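**Student:** I need the structure of the sequence given here:
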Amino acid sequence: MSILFKIAWRNIVRNRRRSLMTASAVGAGALAMLLFLGYTTYIFLGMETGNVQRLGHLRVFRAGYFLYGAGNPTAYGIDSYREVMTLIGADPVLRPMISVLTPTQSLMGIAANYSGDNSASRTFLGEGLIPSDRNRMRRWDQYGTGNVFPADLRMSDADPGRGLIGAGLARILNLCAPLHLADCPPPPASARSDEPRGPVNADIAELAGRDAAASRGAHGPEIDLLAATVGGAPNVVSLAVAGAQPQGVKELDDAYVLMHLALAQQLVYGREEHKVTAIVLQLRASGYMSAARARLAALFREHHLDLEVRDFAELTPFYGQVIRLFSSIFLFIALVMGMIVLFAVVNTMTMNVMERTNEIGTSRAMGVRRGQIRAQFLLEGALIGAMGTAVGAVLAIVIAATVNRSGVTWIPPGNSTAIPLHLNVLGRPLLALGVCVGLVLVATLAALLPANRAARLSVVDALRHV
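**Tutor:** All right, here's what the predicted structure looks like:
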């Protein structure tokens with residue numbers, strides 16, 4: 001084997017220009033694939049981190065909510081949710097896995113602002129949660145992406161009357177000036193209305209006045225939130241808007257309201273039993289998801305609870321769509337690069353066979369077997385592939401490190417703010433190793449056809465070849 005290696009290496013050095021060009025093609029393929037792999041890894045880990053920070057790893061719902069509850073969240077509230085949370089938090093299997101265990105309430109209704117000259121209203125999609133738990137969830141960063149949010153002090157557990165709204169909803173409700181929002185122009189004069197409030201708006205304002213005491217002492221402009229209770233009766237609360245939080249999707253940005261869980265329950269359930277839409281579990285690591293989900297299902301069956309568990313990927317289909325899209329693009333790039341490497345190595349090895357026909361005939365006349373001739377050319381292809389792949393991998397790591405330290409930022413899909421761009425080339429080491437090994441195998445297999453041709457040469461014809 002050592003003799004074959006020496007001969008293969010000498011043949012590569014002898015045709016150094018041709019070998020260099022072929023290795024460059026292999027290196028370019030490795031460079032392109034590894035850089036795109038680093039980019040996709042960064043996208044996948046960043047999206048997972050964002051979803052886990054916002055939604056948690058797992059959410060417990062009442063059975064049927066995932067398919068039917070969006071139209072009427074109050075009809076699928078979890079009864080005695082505190083007892084359920086105690087059951088989950090005290091379980092010896094789940095307790096070491098859980099980082100944050102918190103309830104949340106989804107709701108919908110009408111948000112209105114009647115504090116200024118230009119009244120406005122809009123349907124909203126709201127979420128009630130515990131602010132301190134939200135701040136803890138937003139610090140989760142298992143993969144070291146750096147997308148960690150500081151504590152948001154605009155909401156607090158001690159002041160249930162304060163909340164946040166989407167920047168688009170703030171614009172629609174004419175709250176740009178009170179909230180000091182940039183890039184939020186006032187509506188055109190032709191769209192302003194000085195007409196008196198209609199009966200419905202007057203009723204909303206009257207109902208809001210009754211509950212204004214709930215938010216006294218809170219800072220910021222107030223809006224009125226109207227929703228139907230479990231019994232179907234209208235209910236209104238006042239929300240002191242502590243700030244606007246841009247959302248990545250315009251439809252959500254124009255309707256988003258984030259409030260304290262207590263205020264959301266007061267609006268939805270009134271004097272009835274307070275329930276929640278979901279119980280959120282943020283785990284210490286994503287690797288616990290399967291085990292935690294299985295344990296939750298067993299726990300609910302054991303206690304005859306009509307509950308179901310969904311993970312963040314099921315709650316955000318966009319996450320799975322992005323993964324499938326980038327995986328398809330990566331596969332396409334791999335096929336293209338593989339074909340380039342294949343034809344480059346085939347061309348190089350075919351030229352080598354043609355130039356060394358006499359040499360092959362001499363070797364065969366001296367007793368060298370066909371298998372040894374074939375192995376010699378296969379080894380040459382493997383060495384060229386290994387050299388090119390090694391150079392491409394080193395360049396990919398260097399380029400990735402340069403980009404990561406450059407401070408380049410971008411706004412990914414679903415985000416409203418710029419974040420640092422990173423190329424995580426070594427984020428998935430097994431896949432990166434697979435890329436390198438795959439290119440070496442392609443280069444080796446590409447040499448198989450010329451190697452077989454060299455091994456099948458007739459000794460007499462090879463010796464008299466000119």
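
**Student:** what's the first helix or strand after the worst-scoring helix or strand of the chain on mean pLDDT?
**Tutor:** Sorted by mean pLDDT, DSSP states H and E, the helices and strands of the chain end with helix 199-210, the least confident at a mean of 52. Moving toward the C-terminus from helix 199-210, the next helix or strand (DSSP states H and E) is strand 222-228.

**Student:** given that next one, what are its sheet partners and their directions?
**Tutor:** Counting by DSSP bridges, the strands paired with strand 222-228 are strand 98-113 (antiparallel), strand 234-244 (antiparallel).

**Student:** output it as PDB, nothing but the C-alphas.
**Tutor:** Extracted as PDB, the C-alpha positions of strand 222-228 are listed here (Å, rounded to 0.1, in the frame of the first residue of the first chain):
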ATOM      1  CA  GLU A 222     -54.600  53.800  27.600                       C
ATOM      2  CA  ILE A 223     -56.600  51.800  25.100                       C
ATOM      3  CA  ASP A 224     -59.900  50.000  25.600                       C
ATOM      4  CA  LEU A 225     -60.100  46.200  25.000                       C
ATOM      5  CA  LEU A 226     -63.500  44.700  24.200                       C
ATOM      6  CA  ALA A 227     -64.000  40.900  24.200                       C
ATOM      7  CA  ALA A 228     -66.800  38.400  24.800                       C
END
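
**Student:** need the residues that contact that strand.
**Tutor:** In this structure, residues lying in contact with strand 222-228 by Cβ atoms under 8 Å, 6 or more residues apart in numbering are 74, 107-115, 124, 126, 165, 173, 175, 204-205, 207-208, 212, 215, 234-241, 257, 259, 267-268. All C-beta atoms are positioned from the backbone trio N, CA, C, and that covers glycine.

**Student:** what of stretch 78-89?
**Tutor:** With Cβ under 8 Å, 6+ apart as the test, stretch 78-89 has contacts from 60-62, 94-95, 98, 101, 103, 273, 275-279, 281, 296, 299, 303, 305, 307.

**Student:** what's the closest of the strands paired with strand 222-228 to Gly407?
**Tutor:** Gly407 lies closest, by Cβ to Cβ, to one member of those: strand 234-244, at 26.9 Å.

**Student:** got the CA coordinates for the closest one in PDB?
**Tutor:** Provided in PDB are the C-alpha atoms of strand 234-244 (Å, rounded to 0.1, in the frame of the first residue of the first chain):
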ATOM      1  CA  PRO A 234     -69.300  41.800  26.300                       C
ATOM      2  CA  ASN A 235     -66.600  42.900  28.700                       C
ATOM      3  CA  VAL A 236     -64.200  45.800  28.500                       C
ATOM      4  CA  VAL A 237     -60.900  46.600  30.300                       C
ATOM      5  CA  SER A 238     -58.400  49.400  30.000                       C
ATOM      6  CA  LEU A 239     -54.800  48.700  29.100                       C
ATOM      7  CA  ALA A 240     -52.000  51.200  29.800                       C
ATOM      8  CA  VAL A 241     -49.700  50.900  26.800                       C
ATOM      9  CA  ALA A 242     -46.200  50.800  28.100                       C
ATOM     10  CA  GLY A 243     -44.600  50.600  24.600                       C
ATOM     11  CA  ALA A 244     -44.800  49.200  21.100                       C
END
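
**Student:** after that strand, next one along is what?
**Tutor:** That would be, after strand 234-244 and using DSSP H and E, helix 250-253.

**Student:** buried residues in that following helix?
**Tutor:** Buried residues in helix 250-253, counting neighbours by 16 or more other Cβ atoms under 10 Å, are found at Asp253.

**Student:** and it, C-alpha only, in PDB?
**Tutor:** The C-alpha atoms that make up helix 250-253 are tabulated as PDB, following Å, rounded to 0.1, in the frame of the first residue of the first chain:
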ATOM      1  CA  LYS A 250     -47.400  42.900   9.200                       C
ATOM      2  CA  GLU A 251     -50.800  41.100   9.900                       C
ATOM      3  CA  LEU A 252     -49.600  40.300  13.400                       C
ATOM      4  CA  ASP A 253     -48.000  43.700  13.900                       C
END
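
**Student:** ok now that helix, how far from the chain's centre?
**Tutor:** 19 Å (Cα atoms, centre = their mean, to the nearest Å).

**Student:** outside of it, which residues touch it?
**Tutor:** For helix 250-253, contacts defined as Cβ under 8 Å, 6+ apart pick out Leu125, Gly166, Ala167, Gly168, Leu169, Pro246, Gln247, Ser416.

**Student:** the closest residue to Asn11 other than its chain neighbours: neighbour count?
**Tutor:** Nearest residue to Asn11, sequence neighbours excluded (Cβ to Cβ, 6 or more residues apart in numbering): Glu380, at 5.8 Å. Neighbourhood size, Glu380 [other Cβ atoms under 10 Å]: 29.

**Student:** are any of the contacts of strand 222-228 buried, and if so which?
**Tutor:** Members of the contacts of strand 222-228 classed as buried by 16+ other Cβ under 10 Å are 74, 107-114, 124, 126, 165, 173, 175, 204, 207-208, 215, 235-241, 257, 259, 267-268.
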